[in-house]
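Student: Turn this into a structure:
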Amino acid sequence: MTTSRANLWPYAIIATFILFASYIGYMVQQAMSTNVDLVSADYYQQELAYQKRIESVARTAALPAPVAVEYEPAAQRLTLKLPPSLAGQAVQGTVHFFRPSDQKLDFSLPFAPTGESAQQQLNTSKLQSGYWRLRVDFTVGGQQYFVDKELSI
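Tutor: Down below sits the predicted model:
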């Protein structure tokens with residue numbers, strides 16, 4: 001008496017292919033639904049002005065003292081201080097706060113250091129904790145300067 005046993009290998013191979021295809025489909029769906037924010041909305045225009053930025057960075061690096069960026073966590077205060085060589089001169093500029101993980105949190109403030117110490121203090125109590133990029137664009141005496149700092153709040 002012979003009994004016939006069904007061979008399960010073809011079913012196992014087919015099930016393996018179906019599971020693999022389902023996994024790949026799930027991974028593609030996850031990759032397509034992931035939100036990827038650009039650092040800034042006008043990225044292309046910023047790239048066109050890159051040479052001016054390089055010159056501004058070089059001019060800032062050539063200052064006799066660096067532009068000081070000091071964060072005091074206990075006081076929730078950020079202090080931006082220009083070198084003494086730029087103190088007393090008219091300064092116009094902008095402070096940009098960039099949050100690489102969420103473009104909706106980006107914002108800008110006017111940069112207007114005051115007093116003989118040529119400094120400006122900013123309250124950071126409303127900033128979300130985490131990694132920020134601080135970019136300061138300012139003009140003194142017709143010369144443009146640029147400072148880019150990393151900030152952890």
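Student: Relative to Asn7, how far out is the most centrally placed residue in the chain?
Tutor: For the chain, the residue nearest the mean C-alpha position is Pro100 (3.5 Å; C-alpha atoms, centre = their mean). Distance of Pro100 to Asn7, computed by C-beta to C-beta, to the nearest Å: 56 Å. All C-beta atoms are positioned from the backbone trio N, CA, C, and that covers glycine.
Student: which residues touch Val91?
Tutor: Val91 is in contact with 82, 111-113, 118, 138-140, counting by C-beta atoms under 8 Å, 6 or more residues apart in numbering.
Student: Which pair of those residues spans the longest distance?
Tutor: Ala118 and Thr139 (13.8 Å; C-beta to C-beta).
Student: Which one of the two is surrounded by more residues?
Tutor: Using other C-beta atoms under 10 Å as the criterion, Ala118 and Thr139 rank with Ala118 on top: 20 against 15.
Student: all helices of this structure, in order?
Tutor: 9-33, 43-48, 50-61 (DSSP state H).
Student: contacting residues around the nearest residue in space to Pro64 that is not next to it in sequence?
Tutor: By the measure of C-beta to C-beta, 6 or more residues apart in numbering, the closest residue to Pro64 outside its immediate chain neighbours is Ser85, 5.3 Å from it. Contacts for Ser85 were tallied using C-beta under 8 Å, 6+ apart; they are 63-65.
Student: returning to what we had before: of the helices of the chain, give the one that comes closest to Lys104.
Tutor: Using C-beta to C-beta, those put helix 43-48 closest to Lys104, at 16.4 Å.
Student: mind checking how far Ser108 is from Leu127?
Tutor: 13 Å.
Student: which ones are touching the nearest residue to Tyr145 once chain neighbours are set aside?
Tutor: Closest residue to Tyr145 in three dimensions, ignoring its sequence neighbours and counting by C-beta to C-beta, 6+ apart: Thr60, at 4.5 Å. By C-beta under 8 Å, 6+ apart, Thr60 lies in contact with 66-67, 145-147.
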